[in-house]
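Engineer: The amino acid sequence is not available; the structure is as follows:
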């Protein structure tokens, strides 16, 4: 028996819960007021980050100058994850499948010289050196939530610029519908390339509108410094409203195509990892629930509770329009 | 050596040794040295130690037979109870620290994730073994029935390896699983050979 439901994998909010636009737009002014000390000294330091400050650097790697982003949604108010956790708890299977492996093993990665090849359906295909890319647009700091499909999350201050800046420069043709991202797969410097867990090189992909979304970040650094190897140095993608595996690391190629890219985890288990992989608490992974997540570094240590996962990882206002009318249970 | 095993101090000493992994874990909890995801680290570590103690307790009989050291049998009950001790902490780490005693969510997990179902089955099988470990229970059951009941530990070993295997299956990361499987296969295989030889 067919039971028709409105369930399309997207929990539509009750209209009374939607923040009215003028209040939403005015929140930065509220932040600035608080930064001025109106709400008390304790709030001021936190709010001043929003207003004009930069994240304190860990002092580990070369600094990467940046200014806080003004893009809507780009500065999460959540507490930052400790650099130590962000740089020692990683999934980068080219260096091993344990969380501690990338930090332990990625020292063999050679990040200079580095080129990213732009090819496919574009008017201006080219090989960009890392130096070219670093200068292509102004570096911003963006504080993004990162939600791993496994059920944990972090809040990371990335440094980079919108991928759309690069896309505009290479002028995609009208029939370019998707953007494919390819990670380095060098057996000599990446010991686990060749292991059975995934096909190599690691490939990811976005629809053109997703790639052009202002939040989609081409990132060169985190915490005010260049990326550590284990976090996908020297240049990576960050797509904050999707599960973390979509944010491909150590990019060597960006290809514009009219065919849906064959992405790594979709090839490994198509019923578990879809092309879109938008963060969605209403659509479970076949083997585990996606309704909650463990925020790394949450207060309470061993006794810290999990938190509710938000639709599109809390970026609904900036990205939901791209999926209007789509059944997100089918297109998971 | 055999006489040392009979000394009164031997049992407390072995008891303390068996507690060392727990003490080390408790220490790391106290100084917050379990890494970025302490719940996960604790679940994994206690799972590892449950499997290790399972290997240790299953090694007692082959070891005492091959080395002709019957005195080793004194420690089998304590080692078996430590398997249960570590499996209880493993279960608590999952159901309390990871799942916050959210029973509907735990039920959903058991239903959705076969490796958790298998783990629970192993725990359920170990419980009557722990409950019948003391002398009065042995007398009440009688030696033959008690021995038959405690043969369940072989099924527990199999389920334990399957639990670990399925947990690792998503990442094709089987090296450690194969090591435990090999050890347990050898320990159980030895018993199979003994049984076969007896039948001859």
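Structural biologist: Arrived safely. Fair warning: this is a prediction, and the values are worked out from it, not measured in the lab. Numbering: from 1, shown residues only, chains lettered A, B, ... in the order given.
Engineer: what's near enough to touch the residue lying closest to residue A:234 once chain neighbours are set aside?
Structural biologist: Excluding the flanking residues, the one nearest residue A:234 by Cβ to Cβ, 6 or more residues apart in numbering or on different chains is residue A:111, at 4.2 Å. Backbone N, C-alpha and C define where each C-beta goes, glycine included. Contacts of residue A:111 were listed using Cβ atoms under 8 Å, 6 or more residues apart in numbering or on different chains, and they are A:130, A:229, A:233, A:234, A:250.
Engineer: ok, so of these, who is nearest chain B?
Structural biologist: residue A:229 (17.4 Å; Cβ to the nearest Cβ).
Engineer: Please identify the residue of chain B positioned nearest to chain A.
Structural biologist: residue B:36 (3.6 Å).
Engineer: Touching, that residue and residue A:87? I think so.
Structural biologist: No. At 9.6 Å, residue B:36 does not count as touching residue A:87 under the criterion of Cβ atoms under 8 Å.
Engineer: Can you name the residues in contact with stretch A:297-304?
Structural biologist: A:79, A:81-82, A:85, A:154, A:294-295, A:305, A:307, B:29, B:32, B:34, B:36, B:38-39, B:42, B:97.
Engineer: now for the longest helix belonging to chain B, which elements pack on it?
Structural biologist: Longest helix in chain B by number of residues (criterion: DSSP state H): helix B:38-66. Packing partners of helix B:38-66 (3 or more Cβ pairs under 8 Å, 6 or more residues apart in numbering or on different chains; DSSP states H and E): helix B:10-30, helix B:76-92, helix B:152-169, helix B:175-199.
Engineer: got those helices as TSV, with mean neighbour count and mean pLDDT columns?
Structural biologist: Below are these laid out as TSV (neighbours: other Cβ atoms under 10 Å in any protein chain shown; pLDDT from 0 to 100):
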stretch	mean neighbour count	mean pLDDT
helix B:10-30	13	96
helix B:76-92	20	97
helix B:152-169	19	94
helix B:175-199	13	94
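Engineer: In JSON lines, list those helices along with distance to residue A:166.
Structural biologist: Putting these into JSON lines (distance: least, Cβ to Cβ, whole Å) gives the following:
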{"stretch": "helix B:10-30", "distance to residue A:166": "45"}
{"stretch": "helix B:76-92", "distance to residue A:166": "48"}
{"stretch": "helix B:152-169", "distance to residue A:166": "38"}
{"stretch": "helix B:175-199", "distance to residue A:166": "40"}
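Engineer: possible to save those helices as TSV with distance to chain A?
Structural biologist: Formatted as TSV, these follow (distance: least, Cβ to the nearest Cβ, whole Å):
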stretch	distance to chain A
helix B:10-30	6
helix B:76-92	11
helix B:152-169	9
helix B:175-199	10
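Engineer: Any idea which of those helices gets closest to residue A:120?
Structural biologist: Nearest to residue A:120 among those is helix B:152-169 (35.4 Å), distances taken as Cβ to Cβ.
Engineer: what angle sits between that closest one and helix B:175-199?
Structural biologist: Here helix B:152-169 points in a direction 160 degrees away from that of helix B:175-199 (axes from the mean of the first three to the mean of the last three Cα atoms, to 10 degrees).
Engineer: can you list contacts of helix B:152-169?
Structural biologist: Outside helix B:152-169, the residues touching it (Cβ under 8 Å, 6+ apart) are B:47, B:50-51, B:54, B:57-58, B:80, B:114-116, B:118-119, B:121-122, B:125-126, B:128-129, B:174, B:176-177, B:180-181, B:184, B:187-188, B:191.
Engineer: which residues touch the nearest residue to residue A:292 once chain neighbours are set aside?
Structural biologist: In space, and not counting its chain neighbours, residue A:292 is closest to residue A:306: 4.2 Å by Cβ to Cβ, 6+ apart. Residue A:306 makes contacts with A:151, A:292, A:293, A:294, A:295, B:100, as judged by Cβ under 8 Å, 6+ apart.
Engineer: Which of those fall in strands?
Structural biologist: Among the contacts of residue A:306, the members found in strands (DSSP state E) are A:292, A:293, A:294, A:295.
Engineer: wait, what's in contact with the first one?
Structural biologist: With Cβ under 8 Å, 6+ apart as the criterion, the residues that contact residue A:292 are A:151, A:281, A:306, A:307, A:308, A:309, B:105.
Engineer: re the thing from before, give me the three-state assignment for the residue nearest to residue A:234.
Structural biologist: Classification of residue A:111 by DSSP: H, G, I helix; E, B strand; the rest coil places it in coil.
Engineer: Over to residue A:192?
Structural biologist: coil.
Engineer: if we can go back for a sec, against residue A:293, how distant is the residue nearest to residue A:292?
Structural biologist: Here the criterion is Cβ to Cβ, to the nearest Å. By it, residue A:306 lies 6 Å from residue A:293.
Engineer: Mutual contacts of those two, please.
Structural biologist: residue A:151.
Engineer: rewinding a little: tally of neighbours for the residue of chain B closest to chain A?
Structural biologist: By other Cβ atoms under 10 Å in any protein chain shown, the residues close to residue B:36 number 22.
Engineer: got it, and residue A:60?
Structural biologist: Neighbours of residue A:60 (other Cβ under 10 Å): 12.
Engineer: Repeat that for the one 3 residues further on.
Structural biologist: Each residue near residue A:63 was counted by other Cβ under 10 Å, and the total is 13.
Engineer: That one reaches residue A:224, doesn't it?
Structural biologist: Yes. Assessed by Cβ under 8 Å, residue A:63 is found in contact with residue A:224 at 6.0 Å.
Engineer: got any residues that touch both of these two?
Structural biologist: Residues touching both residue A:63 and residue A:224 by Cβ under 8 Å, 6+ apart: residue A:57.
Engineer: just to revisit the earlier point, what is the nearest of the contacts of residue A:306 to residue B:136?
Structural biologist: After measuring the contacts of residue A:306 against residue B:136 - Cβ to Cβ - the closest member comes out as residue B:100, at 37.2 Å.
Engineer: separation between that closest one and residue A:280?
Structural biologist: 22 Å.
Engineer: okay, those two: which has more neighbours?
Structural biologist: The residue with more neighbours, out of residue B:100 and residue A:280, is residue A:280; 25 against 16, by other Cβ under 10 Å.
Engineer: The more buried one contacts residue A:312, correct?
Structural biologist: Yes. With contacts counted by Cβ under 8 Å, residue A:280 reaches residue A:312, the gap being 7.4 Å.
Engineer: Now do the strands in the stretch 201-332 of chain A.
Structural biologist: A:203-207, A:217-222, A:225-226, A:236-238, A:251-257, A:292-295, A:307-308 (DSSP state E, counting those that start in this stretch).
Engineer: Chain B contacts on chain A?
Structural biologist: Proximity of chain A to chain B (Cβ under 8 Å from any Cβ of the partner chain) is limited to residues A:84-85, A:88-89, A:93, A:97-100, A:152, A:195-197, A:269, A:284, A:286-289, A:292, A:294, A:296-297, A:301-306.
Engineer: hmm, 7 Å instead?
Structural biologist: Within chain A, the residues that sit near chain B (Cβ under 7 Å from any Cβ of the partner chain) are A:85, A:88-89, A:97, A:152, A:196-197, A:287-289, A:294, A:296, A:301-303, A:305-306.
Engineer: in which helix or strand would I find whichever residue of the stretch 101-250 of chain A sits closest to chain B?
Structural biologist: Residue of the stretch 101-250 of chain A nearest chain B, by Cβ to the nearest Cβ: residue A:197 (4.2 Å). Residue A:197 is located outside every helix and strand, with elements delineated by DSSP states H and E.
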